[in-house]
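Chemist: Predicted model, plus sequence, below.
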Amino acid sequence: MNTFGEEVTHYLQRFRGGHTDDAFHGLLELDHAVLPELEAQFRTARAPEVRRFLLEVIWQHRQQSVIPLLGEALLDADHRVWREALDGLVALGSPRSVAALRAVRVQRDDEQFRRWVDEAIEQAEEQAQRS
């Protein structure tokens, strides 16, 4: 296992043990090169709370490269996960994040979901204009 794998495993154990802040900040302080490992962990995690946590850490690294993953996560069945993806796309507020939001909006036949996405599109567009 590479260095990042070991560190990610360590912090995920801390998270599962109830040390959420320690785990969050530990993962956030790692170099952005950790993002592929975090994405791999997200893709294999079964527990929605772990997937939500990983998504938050991922988008808090503030790298535009995570937008495709956040777009995919919008299709997650668990509301905690897709809402975290919305938060990330709004925070990253760029034309790419707006495009990801628009693309997923038509993929789910759920009026409440669409309202959430419409609001996120507005916020992401405002964020993009400020950047």
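Modeler: Structure's in. What do you need?

Chemist: Could you point out the longest helix of this structure?
Modeler: Criterion DSSP state H: the longest helix present in the chain is helix 111-130.

Chemist: pLDDT (mean, whole number) over it?
Modeler: Helix 111-130 comes out with an average pLDDT of 93.

Chemist: so what secondary structure elements neighbour that helix?
Modeler: Here helix 111-130 is seen to pack against helix 79-92, helix 95-105 when contacts are counted using 3 or more CB pairs under 8 Å, 6 or more residues apart in numbering; DSSP states H and E. In this view, the C-beta of every residue, glycine as well, is placed from N, C-alpha and C.

Chemist: Please render those helices as TSV that adds distance to residue 7 and mean pLDDT to the earlier fields.
Modeler: Putting the helices and strands packed on helix 111-130 into TSV (distance: least, CB to CB, whole Å; pLDDT from 0 to 100) gives the following:
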stretch	distance to residue 7	mean pLDDT
helix 79-92	21	97
helix 95-105	27	95
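
Chemist: which of the ones you listed sits most buried?
Modeler: Sort the helices and strands packed on helix 111-130 by mean neighbour count, taking mean count of other CB atoms under 10 Å, and helix 79-92 sits at the top with a mean of 22.

Chemist: how close does residue 52 get to residue 25?
Modeler: 17 Å (CB to CB, to the nearest Å).

Chemist: quick one, which of those two is more surrounded?
Modeler: More neighbours surround residue 52 than the other of residue 52 and residue 25, with 22 against 12 (other CB atoms under 10 Å).

Chemist: which residues are in contact with the strand or helix carrying residue 70?
Modeler: Mapping residue 70 onto the secondary structure by DSSP states H and E places it in helix 67-73. Here helix 67-73 makes contact (CB atoms under 8 Å, 6 or more residues apart in numbering) with 39, 42, 51, 55, 58-59, 81-82, 84-85, 88-89, 92, 94, 96-97, 100-101, 103-104.
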